Structure formats: structure tokens, C-alpha cells
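*Asks:* Next come a sequence and a model predicted from it.
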Amino acid sequence: MARHSQAGSATAEVAVLLPAVAILLAVVAGAGAVGGQQVRIQQAASAAARELARGTLASEAIGTAHRIAGDRISVSTGESGGYGHVVIRAAVDLPLLGDIELRAEANARTEQQP
């Protein structure tokens, strides 16, 4: 009766599974990066909209957005209908998927000045 050796089978199994594990880890890390950046730009948009609503200059509100979300964002502001409006766009570079464009928007009612 012949005996079949299984020497090296564990190495072969690891070699087959390692790329799948690496891709899974990259996807999880990418999802974390996208989620974290989305939270930061939403917070930045909300803070900038609140500043516009208080009557702060648009340049100062944009500066606040950059302090919160970083320098790699684009910010547009406006005021209409009694509301301050802020839109922030940011790109997240993922290793396997490339750039993903994120967008956050916030409005705040303008305070009445006495």
C-alpha cells in the first residue's frame, strides 16, 4: 500500500489563500479610510455652515472647514433664502479602486442681526 506524503500542502494552501486575504484587508482598510474622511468632511461642512449662519465671512468659514477636514478638500459656500449653504468635496485614493469622490453638504439658518 502506497503512502501519499502531505508535506508542503500547508504551504500550498497558504500560497493560494494569501492573495485573497491581502485583498480583503485592502478593502477593509479602504472602507475605513472612506468612512473616516466622509465623517470629517461632514463635520467640516456643518461647522462652516454654522459660521456662515452667525454672519462670519465666507473666507473664515472656509478656513474652519480646512482646519477640520484638511487641505485636500474643495469648499463652496453661499447664502440664499435665509440659509448659509456649504458644499465640500474630497477625493480618497484607494489602492485597488483609485480615487473615490466624496461630497458633504450642510445648511444653517442665518441668525437675525439686531
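*Replies:* Sure, I can see it.
*Asks:* The longest helix along the chain - what's its average pLDDT?
*Replies:* Ranked by residue count and defined by DSSP state H, the top helix of the chain is helix 9-53. Averaged over helix 9-53, pLDDT sits at 89.
*Asks:* Which strands and helices lie in contact with that helix?
*Replies:* Other helices and strands packing on helix 9-53, by 3 or more CB pairs under 8 Å, 6 or more residues apart in numbering; DSSP states H and E, are helix 58-69, strand 73-80, strand 83-94, strand 98-109. Every residue, glycine included, has its C-beta placed from N, CA and C.
*Asks:* Gly30 is nearest to which of those?
*Replies:* Of all those, strand 83-94 sits nearest to Gly30, with 4.2 Å by CB to CB.
*Asks:* how about that closest one: buried residues?
*Replies:* Neighbour counts over strand 83-94 (16 or more other CB atoms under 10 Å) mark Gly84, His85, Val86, Val87, Ile88, Ala90, Val92, Leu94 as buried.
*Asks:* OK, contacts around the first one?
*Replies:* This means Gly84. Applying CB atoms under 8 Å, 6 or more residues apart in numbering, we find Gly84 in contact with Ala49, Arg50, Glu51, Leu52, Ala53, Ala61, Thr77, Gly78, Asn107, Ala108, Arg109, Thr110.
*Asks:* So which of those is surrounded by the most neighbours?
*Replies:* Highest neighbour count within these, by other CB atoms under 10 Å: Leu52, with 26 neighbours.
*Asks:* what sits against that residue?
*Replies:* Leu52 sits next to Ala58, Ala61, Thr77, Glu79, Gly84, His85, Val86, Ala108, Thr110 when contact means CB under 8 Å, 6+ apart.
*Asks:* Next one: it from Val28, what distance?
*Replies:* From Leu52 across to Val28, the span is 37 Å (CB to CB, to the nearest Å).
*Asks:* can I have stretch 12-20 written out in PDB, keeping just the CAs?
*Replies:* Output of stretch 12-20 as PDB, limited to C-alpha atoms (Å, rounded to 0.1, in the frame of the first residue of the first chain):
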ATOM      1  CA  ALA A  12       0.400  25.500  -0.900                       C
ATOM      2  CA  GLU A  13      -2.800  26.300   0.900                       C
ATOM      3  CA  VAL A  14      -1.300  29.500   2.300                       C
ATOM      4  CA  ALA A  15       0.000  30.500  -1.100                       C
ATOM      5  CA  VAL A  16      -3.500  30.100  -2.600                       C
ATOM      6  CA  LEU A  17      -5.200  32.000   0.200                       C
ATOM      7  CA  LEU A  18      -2.700  34.800   0.800                       C
ATOM      8  CA  PRO A  19      -3.800  37.000  -2.100                       C
ATOM      9  CA  ALA A  20      -7.500  36.700  -1.100                       C
END
